[in-house]
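Visitor: Have a look; sequence and predicted model below, questions after that.
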Amino acid sequence: MAIIALIELPGVTEEQYQVNHSSIHAAPWWPAEGFISHAGAPADSGWLVVDLWESKEALAAFMEKAATIFEANGMPQVEPKIYEAVNVDIG
């Protein structure tokens, strides 16, 4: 079942987000299995990420692979809020 992952990144700037985003896209395993879509946006407290994944397991596998990239880029360690996705339309 598809999920929405809402990730609030306190104190993260657009520059930090862009560096992290580029690093993920440069990884040899990207795109990660189960990835559907991604969006990032500035938020009052830093940066907001909204991802769509095929399952919680797919997100967990991605987070495990990406952990060293997040750490290297100084991203805060946060737990995503997970929501069951309904009516997923692509394109």
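Guide: Cool, got the structure. Numbers count the residues shown, from 1 in each chain.
Visitor: Report the distance from the one helix or strand Ile36 maps to to the chain centre.
Guide: Assigned by DSSP states H and E, Ile36 falls within strand 35-43. Its chain's C-alpha centre and that of strand 35-43 lie 7 Å apart, by C-alpha atoms, centre = their mean, to the nearest Å.
Visitor: who touches it?
Guide: 2, 8-9, 14, 17, 21, 47-54, 58, 62, 88, 90 (C-beta atoms under 8 Å, 6 or more residues apart in numbering). (Glycine included, C-beta is placed from N, CA and C.)
Visitor: now swap in stretch 63-70 and tell me
Guide: Under C-beta under 8 Å, 6+ apart, the answer for stretch 63-70 is Asn20, Ser23, Ile24, Ala27, Trp29, Ala32, Gln77, Pro80.
Visitor: Among these, which pair sits farthest apart?
Guide: The distance between the two most remote of those (C-beta to C-beta) is 20.4 Å, for Trp29 and Gln77.
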